[in-house]
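Trainee: Need a 3D model of the following:
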Amino acid sequence: MSQENSENVEKDLTQEELINDAENAADTTTEAGIPSAEDLTEEQKLREEIAKEKDKFLRLFAEFENYKKRTAKERMDLFKTANQEVLQALLPVMDDFDRALAQIAKAEDEVLLKGVELIHNKLKDTLVSKGLEQVDIKAGDAFNADFAEAITQIPAPTPDLKGKIVDVVEKGYKLGDKIIRFPKVVLGN
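Mentor: Numbers count the residues shown, from 1 in each chain. Now for the predicted structure:
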């Protein structure tokens, strides 16, 4: 019968009762500040043990929730940048296409130019659909080392370009929010 009562007491305990019991147990301490085993009743011992187990369970549950959140975030980051190596390998091909388009435009062969532009646009659209974006930097913008790489400095052609970007030598690209290739720029001195 006493076992059934102690089980019912365990089920009916609330957080408030646990706090009150802890305060009561603190009142029945010995001079050293440690409650003696004789002073605690069996019910108080059980309540203390339940409180410890509940605390242990809550900590374990919180740790597991943090683990789930962390792994979900890591998985999402991995999905966002899974194609990074492939996209980086294709960036020189995009650069070659840009240079080829510039040279073909000088040749004045409209049919050839239109064909190469179609292929270029198809490749560009495919890369954009995979999350690749061009970093938007142009001549005249203020230089920011977080978004561009300065490869050289030249005397500024005009006073308003002093300390600013004079020319963009190589385009930069980002995948999501991460820059995978910084644009290479020339600064005015």
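Trainee: pLDDT below threshold where in this structure?
Mentor: For the chain, the stretches with pLDDT under 70 are 1-39.
Trainee: can you map out the helices along it?
Mentor: 2-12, 15-27, 42-80, 84-107, 110-129 (DSSP state H).
Trainee: Minimum distance to Pro159: which of those has it?
Mentor: helix 84-107 (29.9 Å; Cβ to Cβ). No exception for glycine: its C-beta is placed from N, CA and C like everyone else's.
Trainee: Other residues contacting the closest one?
Mentor: Here helix 84-107 makes contact (Cβ atoms under 8 Å, 6 or more residues apart in numbering) with 112-113, 116-117, 119-120, 123-124, 127, 130-132, 170-171, 173, 175, 178, 180-181.
Trainee: sorry, back to before: so which of the helices of the chain is nearest Gly188?
Mentor: Smallest distance to Gly188 across the helices of the chain (Cβ to Cβ): 23.7 Å, for helix 84-107.
Trainee: ok so, going back, just the buried residues of the contacts of helix 84-107.
Mentor: The neighbour count (16 or more other Cβ atoms under 10 Å) marks 113, 116, 120, 127, 131-132, 171, 173, 175, 180-181 as buried among these.
Trainee: Quick one: neighbours of Asp125, just the number.
Mentor: Neighbouring residues of Asp125 were enumerated by other Cβ atoms under 10 Å; the total is 10.
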